[in-house]
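Enquirer: my questions are about this predicted structure, shown below with the sequence.
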Amino acid sequence: MTQERTEQVIADLGLPDQAIQSDELPWVPQGERVWFKPLRFDLTSGRWINLLKVEGSGRVNRHRHTGGQVMGFCIKGSWHYLERDWVARPGTLVYEPPGDIHTLVVDEGVDEMQTLFILEGTVQYIDDEDNLIYQDDVFSKLERYLRFCEEQGIEPRDLRY
């Protein structure tokens, strides 16, 4: 196949490049003092990208990632996992292998934390006895975003690329 033919197949079957302006997207409530800003929903691969914001100190429930890896890049504030000895602060890249179980903690004295997360598969929120409480995936996150937009009278952006 010639280079020209390859480029034509990509143009015909591929998706166009995108520039997503995060400041044009709403913060969607995820929990008490926790929000996410959806940047992309890839329904084919099960991957989603979002900014996570936590205002003040607190925790995001203990959880396990299944079906893929997770990468996070801390933009603002700081956080850590209760089960680890490192701290993510602006500029820190965090890699989480599939199956990892942890509890995200934002410590006292941090006004706001923001981290860009790239997630694959399912996030299973579990209790201390490893019982499943609920789970999120690309579809549940998309549904939460669309429901929020409908409730607020906001026109949802098509982020399924």
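Expert: Received the coordinates, thanks.

Enquirer: C-alpha only now, for contacts and for neighbours.
Expert: Will do.

Enquirer: now the strands for this structure?
Expert: 28-31, 34-42, 47-55, 58-66, 70-76, 80-81, 93-96, 101-106, 112-120, 122-126, 132-136 (DSSP state E).

Enquirer: so which of those strands is nearest residue 153?
Expert: strand 28-31 (13.1 Å; CA to CA).

Enquirer: run the chain-centre distance for the helix ranked longest in the chain.
Expert: Ordering each helix of the chain by length in residues (DSSP state H) puts helix 138-152 first. Offset of helix 138-152 from its chain centre (CA atoms, centre = their mean, to the nearest Å): 14 Å.

Enquirer: average pLDDT for it?
Expert: The average pLDDT for helix 138-152 rounds to 94.

Enquirer: which of the residues in it are buried?
Expert: Going by neighbour count (16 or more other CA atoms under 10 Å), the buried part of helix 138-152 is 138, 139, 141, 142, 145, 146, 148, 149.

Enquirer: helices or strands next to that helix in the packing?
Expert: Under the contact criterion of 3 or more CA pairs under 8 Å, 6 or more residues apart in numbering; DSSP states H and E, helix 138-152 touches strand 28-31, strand 34-42.

Enquirer: can you list contacts of the shortest one?
Expert: Think strand 28-31. Residues outside strand 28-31 that contact it (CA atoms under 8 Å, 6 or more residues apart in numbering) are 35, 36, 37, 144, 145, 148.

Enquirer: and with 10 Å instead?
Expert: 34-38, 52-54, 59-61, 141, 144-149 (CA atoms under 10 Å, 6 or more residues apart in numbering).

Enquirer: what number of residues lie near the residue nearest to residue 97 when sequence neighbours are not counted?
Expert: Nearest residue to residue 97, sequence neighbours excluded (CA to CA, 6 or more residues apart in numbering): residue 69, at 4.9 Å. Close neighbours of residue 69, defined as other CA atoms under 10 Å, add up to 18.
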